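A.B. asks: Based on what follows, work out the 3D shape:
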Amino acid sequence: MLNKKQLLVLPILIILICMIFYPVLFQGKIFSTPDSLNPKAAAIILDKSHAETGEYPMWQPWIFSGMPTAESFTNTSNLYFPDYLFKMLKIPASIVHILHFLFAGLGVYVLLRYLKISQYVAIIGAAGFMLMPYLVTMEVFGHGSQAMTSAYIPWAFWAALRLFDKKRLLDTGIFALILGFQLQRAHVQIAYYTWMLLGALFVYKVILLLIDKNKRIDAAKISGLFIAALLIGLGISALVYLPSLQYSAESIRSVGQSGSAGYEYATSWSLHPNEMLTFLIPSAFGFGGQTYWGAMPFTDYPNYMGILFLAMAIIAVIKSRDTLVWFLGVTTILALLISFGSHFNPVYNLFYNFIPYFNKFRIPSMILIIVQFNVIILASLGLEEILNIESIKISKWFWWLVGLLGVLAFILLFGSGALKNAVSQGFTQPMTQDPRVVSFINNLRWTMWYKDAWMLIVLIAGFLSGVYLLAKSKITKLIFTIIIGVLAVTDLIIVDNKIVHPEDNSGRASQLVSKNAIDRYFAHDEVTSFLTNNDDNFRIYPIGRLFGESRLQAFGIESVGGYHPAKLAIYNRFLQNTNNISTLPIMRMMNIRYILSPQAINHPELKLVFTENMQTGVGRIPIWVYELNAHFERAWIVEKVESANNDEIWSKIMNDSFDPKMIAYTDSEFDNQSFALGKVISTDYNPNQIKLNVNSEGEGFLVVSEVHYPLRWQAYIDGEKVNTYETNGILRGIIVPEGEHLIEFKYDKSVFRNGLKISVAAALFSLTLIVVGLLRIRE
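C.D. replies: Purely as a prediction, here's the structure:
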């Protein structure tokens, strides 16, 4: 039976969540950023296509002329098994995200209770991790998958400890299920860092067992169960990762060193060691946005984890003799050193060069989630250490801290001018040339720094006062715990509220908008209505700043532009070598019919057909829609095929005299071969299959204006599989025999189907282990 203290945890965590996310929970608002609108647009059209065709679109033709969906981690919520439960209960996606914060807090609570931490301290630790500014920022700025994947970290750690301690099938099944669901949540980098921590925990536990001769057989047993759980967890996630592992070699994230991300790309957003000051003072380097003046390209939040949590974590490392504390301390330092990336690279380079798959990730500072998790656990152990001391004595170090705090307060009171000059020396130029705005931002930077420095002093003073009163028996241990908990949690709430509800004069904009505003954003306007009022197959070319516009895909408008962090490498190469599709022949080759421009264009080959305001990610702006003269259909038969290497192809198709309907270039051996004339009689397109009826007067060469992706797209003539040639550096080409034939391109879903079968089987197997384990316990 649950006691009264255990019943406290759930309402306390729910109240804290409501305090942070009340606009989402009670005011009908959601967070809206470019990083959240893009997946929303993709989800709208993918769900619509699924409803219309009866099958999930494995190919999204609406961005970058087409690219994979699930393989590139687009709309992966549909591959997350727990999401089916949420859909059955009709829980909105925004609430599902917030429920994962509660899940994270409960995970820490369960873990701390397993570590024999008292109820109230466990609640404080649970609240601390749940309210971590990193997690809140990820939700606010459209990276919900990061926050939701992170929510599994405490549960995975708890399940691993249970497995190592109890060595049962029950715990193997629980551990595997947690690992599988975390991987399904599809933020592979967070999951990878979780596995790094769990791997280190495994090594630590095995070493402890091997030291004791009587327990060496246990080392072999937990090794077997641990590896089995990892394999089952991987199996549960197979529907996500089996296809994506093959895709990774085809995407821009594997362009570089033998399938890795290039070093400069991988180390972007490294944490500069100086920015560890944000662990103490949240605004030490600004507070994101225009106010940020650190070494990263930009950021939206400080890497703050609560000064009192950090202080109590340090106490745990100093005072505790528990080997788990030392494990957490060592892995915290290791993760911190990795986060430095290129700024201090010996440790990072070791992992980048030798640890499998590590070099596929960028943003080294993301590993700070492990630092923050460890700090919360250490802080709880540290607070418990204080409470377990029967008689606290005020030693010299206490008065040294009081003296240091007094000195800091004196400097802030009487030396603020000199301190301001010293701090201001590091300010970087804001992204504006207006001297008044520059002055405002720099003054804002100092004001935030100064206020947060005072908050540091107040919080540490409150902590030291509590310790002093406890030592003098002026307050009970329960009152001391409540005081420290309120101070520590309030500190994080203040920082979180700056992220969720930035003040008007903070230099940062609120990301909260009403759900009605999002509905209006994705409602048809005059331009999208014009573009969709046509049943022909064509693409648009949004030029200039419109190229990355993601909203258009929601309406099924196919574009040569768009945004995706892992687009096809072949398409990225095409854009780079054609100066972003800069010639009219290439535009025609890419089936571009309309050009969308934010300004008027005067060109004899472009005909103005429509002009009106269009909703974009930066608001409603005037758009000029031009029709390209002599635009091409989606497929045609060419008269001649010429062989050319990669470098030659780009120079040939970039020539203004290039006629895509007369000649095609491939890297295959055609030796300037001529082909018969022919025509495409009819076409039928859906995301997973393309059908074309073609009539050729002799052997012909069909060019299809679709991205060449032979890993999945298979070509068939009258049901017989045929070879596909990479044509003009980007398109598909096939040889067509004389006469009328049915040409089909089918998206090969076999890998995805196999992954689904493996995932279901592995999930059922883990559940079987849990059931069998429970039955054994009852026996």
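A.B. asks: low-confidence ranges in the chain?
C.D. replies: For the chain, the stretches flagged by pLDDT under 70 are 1-5, 253-261, 779.
A.B. asks: tell me which residues of the longest helix seen in it are tucked away?
C.D. replies: Looking across the chain with DSSP state H, the single longest helix is helix 435-471. The neighbour-count check on helix 435-471 (16 or more other CB atoms under 10 Å) flags 438, 440-442, 444-446, 448-450, 452-453, 455-457, 459-464, 466-467, 470-471 as buried. In this view, the C-beta of every residue, glycine as well, is placed from N, C-alpha and C.
A.B. asks: go on, stretch 470-479?
C.D. replies: Buried residues in stretch 470-479 (16+ other CB under 10 Å): Leu470, Ala471, Ile475.
A.B. asks: residues in contact with that stretch?
C.D. replies: If you take CB atoms under 8 Å, 6 or more residues apart in numbering as the criterion, stretch 470-479 is touched by Tyr120, Ile386, Leu387, Ile392, Lys393, Ile394, Gly466, Leu469, Phe480, Ile483.
A.B. asks: contacting residues for the fifth one?
C.D. replies: Put plainly, it is Lys393. Residues near Lys393 by CB under 8 Å, 6+ apart: Ala471.
A.B. asks: any idea what sits nearest Ile315, other than its immediate chain neighbours?
C.D. replies: Gly382 (3.9 Å; CB to CB, 6 or more residues apart in numbering).
A.B. asks: Could you measure from the one you found over to Lys757?
C.D. replies: For Gly382, the distance to Lys757 equals 47 Å [CB to CB, to the nearest Å].
A.B. asks: Of these two, give the one with the bigger neighbour count.
C.D. replies: A direct count of neighbours by other CB atoms under 10 Å for Gly382 and Lys757 places Gly382 higher, at 26 against 12.
A.B. asks: what kind of secondary structure is Gly698 in?
C.D. replies: Assigned with DSSP: H, G, I helix; E, B strand; the rest coil, Gly698 falls in the coil class.
A.B. asks: Tell me who's in contact with it.
C.D. replies: By CB under 8 Å, 6+ apart, the neighbours of Gly698 are Phe675, Ala676, Leu677, Glu738.
A.B. asks: Neighbours of the last one, how many?
C.D. replies: Looking back up the chat, that one is Glu738. Residues within reach of Glu738, counting by other CB under 10 Å, total 13.
A.B. asks: for the nearest residue to it once chain neighbours are set aside, phi and psi?
C.D. replies: Leaving aside its sequence neighbours, Glu738 sits nearest to Gly698 (CB to CB, 6+ apart; 4.9 Å). Backbone torsions for Gly698, taken as degrees, to the nearest 10, come to phi -160, psi -160.
A.B. asks: Next one: Gly698 from Ala635, what distance?
C.D. replies: Counting by CB to CB, the gap from Gly698 to Ala635 is 18 Å.
A.B. asks: For the residue nearest to Trp713 when sequence neighbours are not counted, the count of nearby residues, please.
C.D. replies: Excluding the flanking residues, the one nearest Trp713 by CB to CB, 6+ apart is Phe745, at 5.3 Å. The local packing of Phe745 (other CB under 10 Å) involves 22 other residues.
A.B. asks: then the helix or strand hosting Phe745 to PDB, C-alphas only?
C.D. replies: Per DSSP states H and E: Phe745 is located in strand 739-747. The C-alpha coordinates for strand 739-747 follow below in PDB (Å, rounded to 0.1, in the frame of the first residue of the first chain):
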ATOM      1  CA  GLY A 739       6.000  -0.300 -78.300                       C
ATOM      2  CA  GLU A 740       3.600   0.600 -75.600                       C
ATOM      3  CA  HIS A 741       4.500  -0.400 -72.000                       C
ATOM      4  CA  LEU A 742       3.600   0.200 -68.400                       C
ATOM      5  CA  ILE A 743       6.500   1.700 -66.500                       C
ATOM      6  CA  GLU A 744       6.200   1.500 -62.700                       C
ATOM      7  CA  PHE A 745       8.400   2.800 -59.900                       C
ATOM      8  CA  LYS A 746       7.700   1.200 -56.600                       C
ATOM      9  CA  TYR A 747       9.000   2.200 -53.300                       C
END
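A.B. asks: Nice, that's everything, thank you.
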